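**Q** need a 3D model of the following:
(one chain, ligands or ions: 2)
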Amino acid sequence: MTKLPKSIDDTAALLSRADYVAERSLATALFLALKLERPLFLEGEAGVGKTEIAKVLASTLGRKLVRLQCYEGLDISSAVYEWNYPRQMIEIRLAEASGKISEAASQAARKKLGNDIFSEQFLIERPLLQALRASADGAAPVLLIDELDRTDEPFEAYLLEVLSDYQVSIPELGTIKAEKPPIVIITSNRTREIHDAVKRRCLYHWVDYPDAARELDILRRKAPGAAERLSTEIVAFVQRLRKMDLFKLPGVAETIDWTKALMALDQLALDPDTVNDTLGALLKYQDDIGRIRGSEAERLLSEVKAEIAAA
Ligand SMILES: Nc1ncnc2c1ncn2[C@@H]1O[C@H](COP(=O)(O)OP(=O)(O)OP(=O)(O)O)[C@@H](O)[C@H]1O
Ligand SMILES: [Mg+2]
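**A** Numbers count the residues shown, from 1 in each chain. Ligands and ions are numbered 1, 2, ... in the order given. Reported below is the predicted structural model:
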């Protein structure tokens, strides 16, 4: 287990060690979230590195990563805990077979069995409960609640309780409270607004697309071996694309994918034909590809080459 960072610079260095290139405002939000023991709520477009933050934090701090992937209809039995019904049934059958709970069995024997089947050994821990309990060895885990905007509001209300007290109550067992609050990262793609009450408990940061310098740094780390000229042209091209009115702008993930695709084709620089043929690594909607392919790609590319030549 590594100690928590002591400053904003320390936080940025920690992320950088795992090849995550953070802008200063993100490092600040993260530093404060760790220091104040508050959840960090990250919103932003797809593929800008929201989920990655939690993974990088867990690996650099040497903590366990507990991930709750949200989806519509997510309920307590998938997110918090569930009783192991099949095993409970087997236990009852075994007790019946051994005569422990026959017609003639005492009231006390029946009550004991009732208590036994609602004990720890029949409890299945789901991510939220795992995250509260994993701190028993002294190191609170990183709890990633990914894509919260996909759940429905009742679940959000439940989460609010968990985040307020870092505890859950299980009627048959009692209240389980974390010894140390987990490091909580919540992400949202903003397909709907998250309730203010959840946000109020968190520190908020909007993860934006990186500027050209930062994106180039990311490429050097995530696609090492790409020709410098190729990376520079890719970044300049993608940065231009992001200023256009497309249905879905490319995220950092797409920039990395495109670079790897072009490396696989042994490209040392961009040319119009290759751009046209590989746009599918960058744009994922036919309308967007249709708009860019051909003359628009050529125009962007000549702007990019001119920009780089002038630099
Ligand atoms: N600042 C960054 N530094 C290093 N790598 C980054 C950065 N931002 C994004 N990436 C890379 O981009 C990819 C996508 O990141 P990630 O999955 O975290 O995005 P996301 O914001 O969670 O997207 P989605 O909303 O689609 O889930 C990862 O491979 C990650 O390594
Ligand atoms: Mg994600």
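
**Q** can you pull out the strands in the stretch 101-250 of the chain?
**A** With strands called from DSSP state E, counting those that start in this stretch, the stretch 101-250 of the chain shows them at 123-125, 142-146, 167-170, 174-177, 183-188, 203-207.

**Q** dump the ones you listed to a markdown table, plus distance to ligand 1, mean pLDDT and mean neighbour count.
**A** In this view, the C-beta of every residue, glycine as well, is placed from N, C-alpha and C. Converted to a markdown table, those look like this (distance: least, C-beta to the nearest ligand atom, whole Å; pLDDT from 0 to 100; neighbours: other C-beta atoms under 10 Å):
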| stretch | distance to ligand 1 | mean pLDDT | mean neighbour count |
| --- | --- | --- | --- |
| strand 123-125 | 25 | 95 | 15 |
| strand 142-146 | 7 | 97 | 25 |
| strand 167-170 | 26 | 92 | 15 |
| strand 174-177 | 29 | 92 | 12 |
| strand 183-188 | 6 | 97 | 25 |
| strand 203-207 | 6 | 97 | 18 |
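
**Q** okay, and L30 sits in which element?
**A** In the assignment (DSSP states H and E), L30 maps to helix 24-36.

**Q** now do the following helix or strand past that helix against strand 183-188, angle only.
**A** Counting by DSSP H and E, the element after helix 24-36 in chain order, helix or strand, is strand 40-44. Orientation check (axes from the mean of the first three to the mean of the last three C-alpha atoms, to 10 degrees): strand 40-44 against strand 183-188 gives 20 degrees.

**Q** now A109. Nearest residue, chain neighbours left out?
**A** Of all residues beyond its chain neighbours, the one nearest A109 is K100 (5.7 Å), with distances taken as C-beta to C-beta, 6 or more residues apart in numbering.

**Q** number of nearby residues for the spatially closest residue to S119 that is not a sequence neighbour?
**A** Distances taken as C-beta to C-beta, 6+ apart place L173 nearest to S119, at 7.7 Å, with adjacent residues excluded. L173 is flanked by 14 other residues according to other C-beta atoms under 10 Å.
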